[in-house]
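> quick one, fold the following:
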Amino acid sequence: MVRHQRIDRISEEIKKEISRIIRENVKDPRISQMTSILRVDVSGDLRHAKVYVSVLGNDQEKSSTIEGLTRAAGFIRKELGRVLTIRYIPELIFVLDTSIEYSVDISKKIMEVNRNWEQDSENE
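Residues are numbered from 1 along each chain as shown. Okay, here's the model as predicted:
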């Protein structure tokens, strides 16, 4: 239990620092300004971290942002090493997270169904 709490704290700290590093230090034009780090999952041995990224934009912007982040992973990892006091700085794997878009899409569909249901009940 204590081990999981430590990994959760490290994950949260890595998330916060990666967001800051991308915003302040990474100057790759492929990375969209509308990029958010949603979650970081660090492995139990702290050697690897999956970084879940949300990008507001079209498919081209999303793929170029992931490409830019993947290219900048070494630099971001080096910057993490400067600010974090942990033995191992994990290898970073950037993954596009579409859960927010999925949620918005589901909400729109639910609203549409509700509107249709209300119209049907008014017509009766």
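> number of nearby residues for V42?
By other CB atoms under 10 Å, the residues close to V42 number 24. In short, each C-beta sits where N, CA and C put it, glycine included.
> give the contact list for it.
Remark: with contacts taken as CB atoms under 8 Å, 6 or more residues apart in numbering, V42 is in contact with 7, 10-11, 14, 48-49, 90.
> switch the cut-off to 7 Å
When contacts are counted by CB atoms under 7 Å, 6 or more residues apart in numbering, V42 is found next to 7, 10-11, 14, 49, 90.
> pretty sure D41 is touching H48, no?
No: under the criterion of CB atoms under 7 Å, D41 makes no contact with H48, lying 8.8 Å away.
> which SS state does R30 fall under?
For R30, the secondary structure call by DSSP: H, G, I helix; E, B strand; the rest coil comes out as coil.
> excluding chain neighbours, what is closest to it?
G68 (3.4 Å; CB to CB, 6 or more residues apart in numbering).
> the one you found contacts S32, doesn't it?
No: G68 is beyond contact range of S32, at 8.6 Å (criterion: CB under 7 Å).
> looking at the contacts of V42, which are in strands?
The strands in this structure, assigned by DSSP state E, contain A49 from those.
> neighbour-wise, which one of the contacts of V42 leads?
Neighbour counts for the contacts of V42 (other CB under 10 Å) peak at I14, which has 26 neighbours.
> tell me how far that one lies from E91.
Distance, I14 to E91, using CB to CB, to the nearest Å: 12 Å.
> same check, this time on V53
Between V53 and E91 the distance is 16 Å, computed by CB to CB.
> what does the longest helix along the chain contact?
Selection of the longest helix in the chain by residue count, based on DSSP state H, yields helix 99-123. The contact list for helix 99-123, computed with CB under 7 Å, 6+ apart, reads S54.
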